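Undergrad: Just need the structure, nothing else, for what follows:
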Amino acid sequence: MVIEKILIKNIRHTGIVVDDLDISLEFYCDNLGFVVAKRVDESGSFISAILGMDDITVTTVKMVLNDGPMIELLDFKSHKKERVMRTINDIGPTHIAFTVDNLNQVYRDFSRNGVVFISSPEISPDGYAKVAFCKAPEGTYIELVELL
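TA: You can find the predicted model right below:
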């Protein structure tokens with residue numbers, strides 16, 4: 001059986017489930033520069049069908065950066081789950097990477113504001129980039145990259 005090749009046009013967004021929408025919005029908007037494009041309280045047959053769960057109630061917030069990349073925060077009012085502490089080497093998606101201009105300054109500012117880093121800024125062996133990893137409030141690993 002030959003399966004026809006599917007052509008993906010682009011990556012639309014990355015969905016991140018949060019347990020405190022206000023704190024997560026502050027992190028992604030105030031610290032990373034995202035802007036809320038759309039906020040919707042969703043429930044009913046459509047959202048329940050596409051997520052494969054009964055009686056879903058969720059607030060979704062789509063946020064964009066100036067050049068178009070989008071992330072979506074999902075705050076489930078129903079079907080709440082306990083936060084699971086992830087590690088950087090878990091199977092499946094583990095982090096989102098963002099380019100920054102001055103990683104040392106970002107590192108200082110974020111650290112002063114209580115953002116937890118798992119590494120300090122380090123220069124890659126090829127000298128191409130300076131990189132550090134921090135954690136968003138819900139535990140998502142954020143890779144910050146300054147191109148040198």
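Undergrad: contacts and neighbour counts: CA atoms only from here.
TA: Noted.
Undergrad: which parts of stretch 107-122 are buried?
TA: Neighbour counts over stretch 107-122 (16 or more other Cα atoms under 10 Å) mark 107, 110, 115-117, 121 as buried.
Undergrad: same question, stretch 84-101
TA: 95, 100.
Undergrad: Quick one: end-to-end distance for that stretch.
TA: Start-to-end span of stretch 84-101 (Cα to Cα, to the nearest Å) is 32 Å.
Undergrad: returning to what we had before: taking the buried residues of stretch 107-122 as a set, which two sit the farthest apart in space?
TA: The most widely separated members of those, counting by Cα to Cα, are 115 and 121 (14.0 Å).
Undergrad: Could you list the low-pLDDT ranges of the protein?
TA: Applying pLDDT under 70 to the chain flags residues 1-3.
Undergrad: Where do the domain boundaries of it fall?
TA: What automatic domain parsing lists as the domains of the chain is 14-76, 95-147.
Undergrad: what's the spacing between the longest one and its chain's center?
TA: This means domain 14-76. Domain 14-76 sits 10 Å away from the centroid of its parent chain (Cα atoms, centre = their mean, to the nearest Å).
Undergrad: First-to-last residue distance for it?
TA: With Cα to Cα as the measure, domain 14-76 spans 16 Å from end to end.
Undergrad: Same check on stretch 132-146?
TA: End residues of stretch 132-146 are separated by 9 Å (Cα to Cα).
Undergrad: So which residues make contact with that stretch?
TA: Under the criterion Cα atoms under 8 Å, 6 or more residues apart in numbering, residues 16-20, 23-24, 27, 83, 85-86, 88, 94-103, 115-122, 129-131 lie in contact with stretch 132-146.
Undergrad: Please point out which parts of it sit buried.
TA: If you call a residue buried by 16+ other Cα under 10 Å, then stretch 132-146 has these buried ones: 132-134, 136-146.
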